[in-house]
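Q: got a predicted model here, sequence first, then my questions.
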Amino acid sequence: MQKSPDLLDMIKALISTPSVSSVNPALDQGNRAVIDLLANWLSTLGWQTEILPIENQPNKANLIATLGSGPGGLVFSGHTDTVPWDEGRWNHDPFRLSRQDGRLYGLGTADMKAFLGLAIEAASDFSPAQFKEPLILVATADEETSMSGARALVAAGRPQARYAIIGEPTGLQPVRMHKGILMESIHLRGRSGHSSDPGLGNSALEGMQKVLNTLTDWRKELQTGNINNLFRIPVPTLNLGHIHGGDNPNRICGDCELHLDLRPLPGMELTDLREILHDRVRKTLEDSGLEISFKALATGTPAMDTPASSEIVKFTEALTGYSAAAVAFGTEAPYFNQMGIDTVVLGPGDIDQAHQPDEYLDEARIQPMIKLLRELIMRFCINPPGRTD
Ligand SMILES: [Zn+2]
């Protein structure tokens, strides 16, 4: 097998290949160049590589690369896109890896392109002939925006494996839970008219007032009935984040729109919650004569919930000395869990540096992370649980 490129060179190349994903098409760059870079390295190193284009997005793709063969398998996964950067607020060039005071600065060092380099480096110690189960490297598109990469994997039913590690920034601590995210717009249409005669119109704003009361009542119910003490905020949250209605004090308000953000705990299904939300709003405005429309503001992220009893949870807890935690950010993990792959989020960066100017990865985290990945390969590819042959 060929020797892998120098780790620092790999991280350098990953950072200097821009892959910003944004809902704003002017900023969106696609991830294809990063996918091609990885695929080239990996195929030279003897991995089977497959690039899976994302439908209707010609500059975006997922990569599945496999080393060794057999049943089951262990996945190391990372997203290849980054968030946009704050022009003028970086002291370093976001697209040129710079090393200073034991830190590697660059966009995607912590969150999370560098992890993919670490995964390749960790695997380079092994020969695929040693593997009873394969090691699979997955690199995805669009985690920061639509999760279209992870969704495409679920639609294709790929990869197939038993366990996965996603190297999002968790400061080398295993994570097995996060909340879901649902963002919805509620739009009410009434009838405008002169303020001097209420009979001339139907106020959407006053209708929204009733909806707001319904929603805060619902929040109270949700927070009494659902508690999970692994989370710092142990209850589901419902934030009323944006409202706009009407134009002038002397006109009856004809249109009013509210945007809300609901973060459910594991076990609360997004589709059920959306249905309940719509029912309650409709019931509140039953006889109002107002027209109601709903719109999802983003494709929701399901909550992540990998059982504490899973082998990969127990093993990463033993390796790191931390019990698996719950975090406040969303990841692609629930999609891997949907495919029957027990998933732990565990990576070398810190979430505090993600999505920030001067994002960096602490160099002291690199060797411990590579060691963790090697132990995982030993355990799940070379001596897989339940296989003693
Ligand atoms: Zn990330």
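A: Right, received. Where do you want to start? Since the structure is predicted, the reported quantities are computational estimates derived from the model, not experimental observations.

Q: please make it C-alpha for all contacts and neighbour counts, starting now.
A: Noted.

Q: state the distance from the spatially most central residue of the chain to Met177.
A: The chain has Thr331 as the residue nearest its centroid, 2.6 Å off, counting by CA atoms, centre = their mean. According to CA to CA, to the nearest Å, Thr331 and Met177 sit 10 Å apart.

Q: between these two, what contacts are shared?
A: Counting by CA atoms under 8 Å, 6 or more residues apart in numbering, the common neighbours of Thr331 and Met177 are Met304.

Q: sorry, back to before: tell me which helix or strand the residue nearest to the centre of the chain sits in.
A: Under DSSP states H and E, no helix or strand contains Thr331.

Q: OK, contacts around it?
A: Taking CA under 8 Å, 6+ apart as the test, what Thr331 contacts is Glu143, Glu168, Thr301, Met304.

Q: among the residues you listed, which two are most distant?
A: Pairwise distances across the contacts of Thr331 peak at 15.8 Å for Glu168 and Thr301 (criterion: CA to CA).

Q: compare the two (neighbour count), which wins?
A: Applying other CA atoms under 10 Å to Glu168 and Thr301 shows that Glu168 carries more neighbours, namely 27 against 22.

Q: the longest helix anywhere in the chain packs against which elements?
A: Identified as the longest helix of the chain according to DSSP state H is helix 204-225. With contacts taken as 3 or more CA pairs under 8 Å, 6 or more residues apart in numbering; DSSP states H and E, helix 204-225 sits against strand 182-189, strand 237-245, strand 255-263, helix 270-284.

Q: quick one: average pLDDT of it?
A: Helix 204-225 comes out with an average pLDDT of 98.

Q: skipping adjacent residues, who's closest to Gly347 in space?
A: Among residues not flanking Gly347 along the chain, Gly167 sits closest, at 3.9 Å (CA to CA, 6 or more residues apart in numbering).

Q: just checking, that neighbour touches Lys113?
A: No. When contacts are counted by CA atoms under 8 Å, Gly167 is not listed as touching Lys113 (9.1 Å).

Q: how is the closest residue to Asn226 other than its chain neighbours assigned, secondary-structure-wise?
A: Distance criterion CA to CA, 6+ apart; nearest residue to Asn226, sequence neighbours excluded, is Val235 at 6.0 Å. With DSSP: H, G, I helix; E, B strand; the rest coil as the basis, Val235 sits in coil.

Q: same question for Asn337.
A: What three-state DSSP gives for Asn337 is helix.

Q: relative to Thr140, how far out is it?
A: Distance of Asn337 to Thr140, computed by CA to CA: 16 Å.

Q: quick one, which of the two is more surrounded?
A: Thr140 (30 against 19).

Q: rewinding a little: so which of Gly167 and Lys113 has more stuff around it?
A: Gly167 (29 against 26).

Q: tell me who's in contact with that one.
A: With contacts defined as CA under 8 Å, 6+ apart, Gly167 is in contact with Phe76, Ser77, Gly78, Met112, Phe115, Val345, Leu346, Gly347, Pro348.

Q: just the pLDDT for it.
A: 98.

Q: cool, Ser185 as well?
A: Ser185 is given a pLDDT of 97.

Q: cool, the one 3 residues further on as well?
A: With respect to pLDDT, Leu188 scores 98.

Q: again with Met1
A: In this model, Met1 carries a pLDDT of 54.

Q: the contacts of Gly167 in helices, which ones?
A: Phe115.

Q: can you put the contacts of Gly167 in a markdown table and add distance to Leu270?
A: Shown next, in a markdown table, are the contacts of Gly167 (distance: CA to CA, whole Å):
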| residue | distance to Leu270 |
| --- | --- |
| Phe76 | 27 |
| Ser77 | 24 |
| Gly78 | 24 |
| Met112 | 27 |
| Phe115 | 30 |
| Val345 | 21 |
| Leu346 | 25 |
| Gly347 | 27 |
| Pro348 | 30 |
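
Q: any chance of the contacts of Gly167 in JSON lines, plus pLDDT and neighbour count?
A: Putting those into JSON lines (pLDDT from 0 to 100; neighbours: other CA atoms under 10 Å) gives the following:
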{"residue": "Phe76", "pLDDT": "98", "neighbour count": "25"}
{"residue": "Ser77", "pLDDT": "98", "neighbour count": "26"}
{"residue": "Gly78", "pLDDT": "98", "neighbour count": "27"}
{"residue": "Met112", "pLDDT": "97", "neighbour count": "26"}
{"residue": "Phe115", "pLDDT": "98", "neighbour count": "31"}
{"residue": "Val345", "pLDDT": "98", "neighbour count": "32"}
{"residue": "Leu346", "pLDDT": "98", "neighbour count": "26"}
{"residue": "Gly347", "pLDDT": "98", "neighbour count": "30"}
{"residue": "Pro348", "pLDDT": "98", "neighbour count": "29"}
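
Q: give me the next element, helix or strand, following the helix or strand encompassing Leu8.
A: Using DSSP H and E, Leu8 sits within helix 7-15. Per DSSP H and E, helix 7-15 leads on to helix 32-44 as the next helix or strand towards the C-terminus.

Q: rewinding a little: can you list contacts of the longest helix of the chain?
A: 188-191, 235-238, 245-246, 253-256, 280-281, 284-285, 288, 290.
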